[in-house]
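1. generate coordinates for the sequence data below:
(2 chains)
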Amino acid sequence: MLIRKPSEIPSSLITPRTQYLNRRRFLRGALSGAAVAGAAALGVDRAAELISPRTAALAGTKLPTVKSPLSTTGEELTPYQDITTYNNFYEFGVPKGDPSRNAGVLPTRPWTVKVEGLVNKPKTFDIDTLLKMRPLEDRIYRHRCVEAWSMVIPWVGYSLSELLKQVEPQSKAKYVQFLSYYDKHVEKWSDESNIFWPYSEGLRLDEAMHPLTLLTFGLYGEVLPNQDGAPVRIVVPWKYGFKSAKSIVTIRLVEKQPHTTWNDQGPQEYGFFSNVNPNVDHPRWSQKTERRIGLPLFSQRRQTLMFNGYADQVTSLYNGMDLRKYY
Amino acid sequence: MTRAQLIIAKSAVWIACLWPIGRLAFGIVDPPVLGADPTATIELTTGYTTLMLLTIGLGITPVRRLSPRLAWLIKFRRLLGLFAFFYATVHMLTWVALYAGFNINAMLEDIAKRKFITVGVAAWLLLLPLALTSTNWAIRKLGGRRWNRLHKLVYIAAICGVIHYWWQVKPGVLLPLPFTIAVAILLFVRPVQTLFGRKAQGAISERQRVG
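-> So this is what the prediction gives:
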């Protein structure tokens, strides 16, 4: 009787893992392209949901939330449409409309956030653990971009301090660095700008521990759309928007001030602190006024408030500091 | 090019040139056209269109020189130039109205402190005399030679426009790069063509003499 040996596969024919993964990514891209085209032809609104149910489909899912006393009141909310189509997220393209078109490919599941550095209990948190760790609060904040436009956004999340307390920062830790997700094969638009990725941002530890600093999972009571920083981002409402890093994968507690992306790009234009301050101009435009997004042409312009209107809560963080020098 | 063809081509250029401002004007009736930030949409659209028209306008002479059969292109240069000036003017008025709020002090402060505005205003001031002397009457009055020399200002205006764009975007943003390359090529080929043109002409006169 003939016993056949299984034919040996020469090792040269085995696809290396990275290539195999690349191939899958390529297929996913090709499939999503086809699906988008198909969905567009069918008039399906949310083409993204058809493509990769484990990522973009989550955007828009309702989140259980509770009210928060830290919400800003008395201002009209910026429409959802504007918050989700007027974005700065350069990994997905520079023009404001590009991230909403391109960010569907961001793989928001599985997702973990690694909290490391000068902490007693470093830990990697799964996104679904983070979502359940504390009650999610509705927090309406003003959002002021360094480009002199602003919005009013109903975020969903809880104070970042809740997470930081869990890992027990050491006394040497003075700063917190946030690193955003980066994969140049996924975020293939990232070479439209000459920026060193991944996106890095940072806060002083006391700023990060401030109750207003929000670990953010949603907006308008729903899971964040990818272009707004899914699945988890930081929101620091008294600072210019770029301080609020999106799609965070690493939170690192450090002793020295970390390097931050826009500060690297132009230190004279984007300071480490970048608190909203109508008295300190950006070198290329005044910061005295801002344009409120979603309002008609001639009603857009309004006065910019010190610390974006959060002066009562945060001024004490900067006692004795020259805010012209530390802009 | 026949008269009929010329009329069709001119109509097409008019429509193309009016399209951006037409869209913006339509936004007054239908606000979503202007997007989430109408002020920025108007400013960016008019600025971009100005640079686009200036660049195409700068392309006419070098392309025309490639072949005598392309001589008709010259009939479009004034049209493109005047539309470029028109968009530059709307662009500047948008700054005056929607950014500076008609506040003279705010405008002067902008011009003094912000170099991208300084160079932008300079570009507009360079285009102004060109627009004013664009009539046939002005060309006759000035004489072709002097008119030509005056209109070389458009080179500086285009360079100022490109610098204005670079200084306006955030460091690291490469959006102005295509215009920079296009304008650089179009300015660089001019002396090259002149040089080769002279050589060619020299060769022709040489042949004629020999002949």
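
2. CA only for contacts and neighbour counts going forward, please
-> Will do.

3. how close does the residue nearest the centre of chain A get to residue B:89?
-> Geometric centre of chain A, nearest residue: residue A:246, 1.2 Å, by C-alpha atoms, centre = their mean. Separation of residue A:246 from residue B:89 (C-alpha to C-alpha, to the nearest Å) stands at 38 Å.

4. next one: residue A:214
-> Counting by C-alpha to C-alpha, the gap from residue A:214 to residue B:89 is 44 Å.

5. and what of residue A:79?
-> From residue A:79 to residue B:89 the distance is 32 Å (C-alpha to C-alpha).

6. more neighbours, the two?
-> With neighbours defined as other C-alpha atoms under 10 Å in any protein chain shown, residue A:79 and residue B:89 compare such that residue B:89 has more, 20 against 16.

7. apart from its neighbours in sequence, what residue is nearest that one?
-> Spatial nearest neighbour of residue B:89, chain neighbours left out: residue B:124 (7.3 Å); criterion: C-alpha to C-alpha, 6 or more residues apart in numbering or on different chains.

8. same check, this time on residue B:26
-> residue B:33 is the one closest to residue B:26 (C-alpha to C-alpha, 6+ apart), at 7.4 Å.

9. just residue A:77 next, same as before
-> Per C-alpha to C-alpha, 6+ apart, closest to residue A:77 is residue A:152, 5.0 Å.

10. how far does the host helix or strand of the one you found sit from the chain's center?
-> In this structure, residue A:152 sits in strand A:149-159 according to DSSP states H and E. Mean-position distance between strand A:149-159 and its chain equals 12 Å (C-alpha atoms, centre = their mean, to the nearest Å).

11. what is it packed up against?
-> strand A:137-144, strand A:214-219, strand A:289-292 (3 or more C-alpha pairs under 8 Å, 6 or more residues apart in numbering or on different chains; DSSP states H and E).

12. would you map the helices across chain A?
-> Per DSSP state H, chain A carries helices over the ranges A:17-42, A:47-51, A:80-83, A:98-102, A:127-133, A:160-167, A:205-209, A:261-265, A:311-314.

13. equivalent analysis for chain B, please.
-> B:3-29, B:38-64, B:77-94, B:104-113, B:115-132, B:136-142, B:144-151, B:153-168, B:177-210.

14. those: lowest mean pLDDT?
-> Per-stretch mean pLDDT for the helices of chain B is lowest at helix B:177-210 (a mean of 79).

15. and residue B:102, its phi and psi?
-> phi 60, psi 20 (degrees, to the nearest 10).

16. go ahead and confirm it touches residue B:96.
-> Yes: Residue B:102 is within contact range of residue B:96, at 5.3 Å (criterion: C-alpha atoms under 8 Å).

17. relative to residue B:35, how far out is the residue positioned nearest the centre of chain B?
-> The centroid of chain B falls nearest to residue B:54 when counting by C-alpha atoms, centre = their mean (1.8 Å). Going from residue B:54 to residue B:35 by C-alpha to C-alpha gives 26 Å.

18. what of residue B:71?
-> Taking C-alpha to C-alpha, one finds residue B:71 at 41 Å from residue B:35.

19. the more surrounded of those two?
-> Ranked by neighbour count (other C-alpha under 10 Å), residue B:71 and residue B:35 place residue B:35 first, with 19 against 15.

20. dump the residue contacts of the more buried one.
-> Contact analysis of residue B:35 by C-alpha atoms under 8 Å, 6 or more residues apart in numbering or on different chains lists residue B:41.

21. state the distance from residue A:139 to chain B.
-> According to C-alpha to the nearest C-alpha, to the nearest Å, residue A:139 and chain B sit 22 Å apart.

22. what does the stretch 201-327 of chain A put close to chain B?
-> Contacts of the stretch 201-327 of chain A with chain B, taken as C-alpha under 8 Å from any C-alpha of the partner chain, map to A:265-266, A:283-285, A:291-298, A:301.

23. list only buried entries from those residues.
-> A:265, A:284, A:285, A:291, A:292, A:293, A:294, A:295, A:296, A:297, A:301 (16 or more other C-alpha atoms under 10 Å in any protein chain shown).

24. which residues touch the last one?
-> In this case it means residue A:301. So residue A:301 contacts A:289, A:290, A:291, A:292, B:98 (C-alpha under 8 Å, 6+ apart).

25. now do it, the pLDDT please.
-> At residue A:301, pLDDT is 91.

26. which one is residue A:278 nearest to, not counting chain neighbours?
-> residue A:288 (4.2 Å).

27. now swap in residue B:63 and tell me
-> residue B:70 (7.5 Å).

28. where does the one you found land on pLDDT?
-> For residue B:70, pLDDT reads 91.

29. same check on residue B:173?
-> For residue B:173, pLDDT reads 92.

30. pLDDT at the closest residue to it other than its chain neighbours, what is it?
-> Excluding its sequence neighbours, the residue lying closest to residue B:173 (C-alpha to C-alpha, 6+ apart) is residue A:193, at 4.5 Å. Looking at residue A:193, its pLDDT reads 90.

31. pretty sure residue A:193 sits against residue A:90.
-> Yes: counting by C-alpha under 8 Å, residue A:193 does reach residue A:90; the two are 7.4 Å apart.

32. between those two, which one's more packed in?
-> A direct count of neighbours by other C-alpha under 10 Å for residue A:193 and residue A:90 places residue A:90 higher, at 20 against 17.

33. I'd say that one and residue A:190 touch.
-> Yes: with contact defined as C-alpha under 8 Å, residue A:90 reaches residue A:190; the gap is 6.1 Å.

34. before we move on, back to that, which ones among the residues of the stretch 201-327 of chain A next to chain B map onto strands?
-> Judged by DSSP state E, strands contain the following of those: A:291, A:292, A:301.

35. who's in contact with the second one?
-> When you say that, I think you mean residue A:292. A:149, A:150, A:151, A:300, A:301, A:302, B:37.

36. to what extent is residue A:89 buried, counted in neighbours?
-> 25.

37. dihedrals phi and psi, it?
-> The phi and psi values for residue A:89, taken as degrees, to the nearest 10, are phi -150, psi 80.

38. residues contacting the residue nearest to it when sequence neighbours are not counted?
-> Of all residues beyond its chain neighbours, the one nearest residue A:89 is residue A:99 (6.1 Å), with distances taken as C-alpha to C-alpha, 6+ apart. Neighbouring residues of residue A:99 by C-alpha under 8 Å, 6+ apart: A:85, A:87, A:88, A:89, A:90, A:92, A:93, A:227.

39. for those, which one is nearest chain B?
-> The nearest member of those to chain B, counting by C-alpha to the nearest C-alpha, is residue A:85 at 8.0 Å.

40. I figured the closest one hits residue A:96, correct?
-> Yes: between residue A:85 and residue A:96 there is a contact at 7.1 Å, judged by C-alpha under 8 Å.

41. let's have the residues of the stretch 201-327 of chain A next to chain B in a markdown table, adding distance to residue A:166.
-> Below are these laid out as a markdown table (distance: C-alpha to C-alpha, whole Å):
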| residue | distance to residue A:166 |
| --- | --- |
| A:265 | 33 |
| A:266 | 35 |
| A:283 | 40 |
| A:284 | 42 |
| A:285 | 41 |
| A:291 | 39 |
| A:292 | 37 |
| A:293 | 37 |
| A:294 | 39 |
| A:295 | 42 |
| A:296 | 45 |
| A:297 | 47 |
| A:298 | 48 |
| A:301 | 42 |
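
42. which residues touch residue A:213?
-> A:159, A:160, A:161, A:207, A:234, A:235, A:236, A:237.

43. now, of those, which are buried?
-> A:159, A:160, A:161, A:207, A:234, A:235, A:236, A:237.

44. how much space separates the spatially closest residue to residue A:233 that is not a sequence neighbour from residue A:209?
-> Among residues not flanking residue A:233 along the chain, residue A:246 sits closest, at 4.4 Å (C-alpha to C-alpha, 6+ apart). The gap separating residue A:246 from residue A:209 is 18 Å, by C-alpha to C-alpha.

45. now whatever residue of the stretch 1-150 of chain A ends up closest to chain B. Nearest residue, chain neighbours left out?
-> For the stretch 1-150 of chain A, the nearest residue to chain B under the criterion C-alpha to the nearest C-alpha is residue A:82, separated by 5.4 Å. The shortest distance from residue A:82 to any residue other than its chain neighbours is 5.4 Å, reached at residue B:36 (C-alpha to C-alpha, 6+ apart).

46. done for today, thanks.
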